[in-house]
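Novice: okay, here's the prediction I keep looking at, along with the sequence it came from:
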There are 2 protein chains.
Amino acid sequence: MEEKIILSHGDGGKFTSTLINELFYKYYGNEILLKGGDSAVFSVKTRRRLAFSTDSFVIKPLFFQGGDIGKLAVCGTINDLAVSGAKPLYLSAGFIIEEGFSIGDLEVIVRSMGDICRETGTMIITGDTKVVEKGDADGLFINTAGVGVIENRYMPKKIKNGDRIIITGSIAEHGTAITLERYKIKAAGSFGSDCGSVYNIISSLAPFYKGIKLMRDPTRGGVAAALNEISALAGKGIRIYENLIPIRKEVIAVCNILGLDPLYLASEGRAILAVDPSMSHEILKCIRSCENGKDASIIGSFCDSCSNLVYLETEVGGRRLLNTLEAPMLPRIC
Amino acid sequence: MEEKIILSHGDGGKFTSTLINELFYKYYGNEILLKGGDSAVFSVKTRRRLAFSTDSFVIKPLFFQGGDIGKLAVCGTINDLAVSGAKPLYLSAGFIIEEGFSIGDLEVIVRSMGDICRETGTMIITGDTKVVEKGDADGLFINTAGVGVIENRYMPKKIKNGDRIIITGSIAEHGTAITLERYKIKAAGSFGSDCGSVYNIISSLAPFYKGIKLMRDPTRGGVAAALNEISALAGKGIRIYENLIPIRKEVIAVCNILGLDPLYLASEGRAILAVDPSMSHEILKCIRSCENGKDASIIGSFCDSCSNLVYLETEVGGRRLLNTLEAPMLPRIC
């Protein structure tokens, strides 16, 4: 019989200890986490400022092509820190588990979390486990919070017209992969979420930090939402070009069939950068030298004739306003 | 018609912004939070080590005598930091909300969070909001994570036989209050959860820090679980005396009727301290001078004849082993 989560796994007693010792410590144990205690204690050997971020993950389904909720929960907070100019260091992990959840599935998820921590040099140093009665949650929710050290300070107010917009890779793959999984649609070709860390790309850009003025990751709300946020912070309009946006043929095909707009679909392993035009080609070259950045592209620039709005110049020569959506196309994609 | 949470409140777009601006910023806005962005940025003007802690709150019901899930979520993480020897500074708040949840109720909860932040001098500087479909969560879950600066380093290995155990106030009030609320039992007298911050007490003990060797808060699993943790960390047994344990008559009465053992019921505003006997009376006096510490008591000590176990000397002269429970008496009390 498959082992299931019971309420006692969340009561802070012996069953909780079993989960901690046999799953969490096994897959992502480290010197700080293993000390136990109500808080983790760490020191930062720098006087630089720190970044602090949190995200709860309620994605449905929990497993998808290219990842699972565990990988997503670690990468999501790593990326939030990374696009804020911080080197991600330490994470917390809070699990809310529905009674009856498969311990085997939990193990796969926790293993993913450990794998991505090792891959990115981050550590989960504190955590919490709660279990709610059957029917009171949908399987598993994970919250991660993270602390990082600021390496580069962004200056959105220094953005000028003509500054370039770069995206580090092809868009909308996470949102499309989740849609296929959720509605059990079989698509041709190998195809999965782009879920992953972007910190490797951002850290490789260290020599060019002074040319990078702002970064965002296009998650919920996709490229359109991220560009609108960037535009608002800069106080300037943006024009992007449809033919410059990297996007896989399979993503276009799936979106056409389902009537989804890929500009509003989430990526979970991409960043959008606002950069000085004098350094944009060096930055692009550097991003493309990373495995997960080889499809990077300059997709547009800040413009003085855009009235603080975000415009898309279409391939057929039209011009389309990219608003932030009023209603979500897809709930629970992260 | 009462306003309800809809899925769009969690999509990162305009409805999410409305929640952020009209609730979160209104009740706990501060200079750092108001900057928005994917991460909050802060600096710590010290080279001391930092503490990091997280907790998810799934309490049922959300409102109870003496508090609500919001107050509990802020105090819970403040207390985890405080008993680790840290001054709590910055918090994150992650909301997972069920579609259809009352915005009026959410406002009451968010207001509680703001009130307790102001009262304790802490700040919520980053957050996240997710909404899941009706039936996929039980109303509202909140995760908080927190960062603090270590002020006092505990040395559980320096605990000696004869060191005293102090509790800062009367026990089991949170667990009892939740039980009454959940089962709609009317008890005589004014009675509520002890939910609150213990940092005020701990910071007032600064002159005596070198006499305090370890602290824990007796939340899930109650005083019994906390004493077992302390005993395990110290590698020593503990003997406590039933007649020295501060407990309200109403709590005893309710527990007797319901067959609950108050030693296993959660407090949410108490701390247990292991202290050097030479300073125990000064420490006790100092705790008692705080409003929320006036019922503090020395309840026992580490002993060499306890074989690393926790014993209770009962009022009638018996001796009882206080194990950690194998099964929870009450799920979802925090």
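Specialist: Structure's in. What do you need?
Novice: quick one: name the residues of the stretch 51-200 of chain A near chain B.
Specialist: A:51-58, A:79-81, A:83-84, A:86, A:90, A:92-96, A:125-128, A:130-133, A:135-138, A:141, A:143, A:145, A:147-148, A:150 (CB under 8 Å from any CB of the partner chain). No exception for glycine: its C-beta is placed from N, CA and C like everyone else's.
Novice: how about 6 Å then?
Specialist: A:51-56, A:58, A:80-81, A:83-84, A:92, A:94, A:96, A:126, A:128, A:130, A:132, A:136-138, A:141, A:143, A:145 (CB under 6 Å from any CB of the partner chain).
Novice: could I get the full set of strands for the stretch 51-200 of chain A?
Specialist: Taking DSSP state E, counting those that start in this stretch as the criterion, the stretch 51-200 of chain A carries its strands at A:63-64, A:67-68, A:86-98, A:123-132, A:140-150, A:164-167.
Novice: which one of these is the most hemmed in?
Specialist: Neighbour counts (mean count of other CB atoms under 10 Å in any protein chain shown) averaged over each of the strands of the stretch 51-200 of chain A peak at strand A:140-150, with a mean of 27.
Novice: who are the packing partners of that one?
Specialist: Where contact means 3 or more CB pairs under 6 Å, 6 or more residues apart in numbering or on different chains; DSSP states H and E, strand A:140-150 is packed against strand A:50-57, helix A:69-83, strand A:86-98, strand B:86-98.
Novice: can you list the domains in chain A?
Specialist: With automatic domain parsing serving as the domain definition, the record reports that chain A contains domains spanning A:7-150, A:156-321.
Novice: any idea which of these is most buried?
Specialist: Among the domains of chain A, judged by mean count of other CB under 10 Å, the one packed with the most neighbours on average is domain A:7-150 (a mean of 22).
Novice: got the end-to-end distance for it?
Specialist: By CA to CA, to the nearest Å, the extent of domain A:7-150 from end to end equals 40 Å.
Novice: quick one: mean pLDDT over that domain.
Specialist: Mean pLDDT, taken over the full extent of domain A:7-150, equals 95.
Novice: for the closest residue to residue A:79 other than its chain neighbours, give its distance to residue B:269.
Specialist: For residue A:79, the nearest residue in space outside its immediate sequence neighbours is residue A:217; the separation is 4.8 Å by CB to CB, 6 or more residues apart in numbering or on different chains. According to CB to CB, to the nearest Å, residue A:217 and residue B:269 sit 39 Å apart.
Novice: what do you get for residue A:281?
Specialist: With the distance defined as CB to CB, residue A:281 ends up 59 Å from residue B:269.
Novice: near chain B at all, whichever strand or helix holds residue A:273?
Specialist: Taking DSSP states H and E as the definition, one finds residue A:273 inside strand A:272-275. No. When contact is scored as CB under 6 Å from any CB, no part of strand A:272-275 falls within range of chain B; the minimum is 11.7 Å.
Novice: residue contacts, the residue nearest to residue A:142 when sequence neighbours are not counted?
Specialist: For residue A:142, ignoring the flanking residues on the chain, the nearest one in space by CB to CB, 6+ apart is residue A:73 at 4.2 Å. Listed by CB atoms under 6 Å, 6 or more residues apart in numbering or on different chains, the contact partners of residue A:73 are A:57, A:142, A:144.
Novice: show me which of those residues is closest to chain B.
Specialist: Distance to chain B, by CB to the nearest CB, is smallest for residue A:57 among these, at 7.8 Å.
Novice: surely the closest one and residue A:67 touch.
Specialist: No. Between residue A:57 and residue A:67 there is no contact under CB atoms under 6 Å: 11.1 Å.
Novice: picking up where we left off before, in a markdown table: the domains of chain A, plus distance to residue B:210.
Specialist: Conversion of the domains of chain A to a markdown table gives the following (distance: least, CB to CB, whole Å):
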| stretch | distance to residue B:210 |
| --- | --- |
| domain A:7-150 | 18 |
| domain A:156-321 | 41 |
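Novice: circling back: could you pull up phi and psi at the residue nearest to residue A:79?
Specialist: phi -110, psi 130 (degrees, to the nearest 10).
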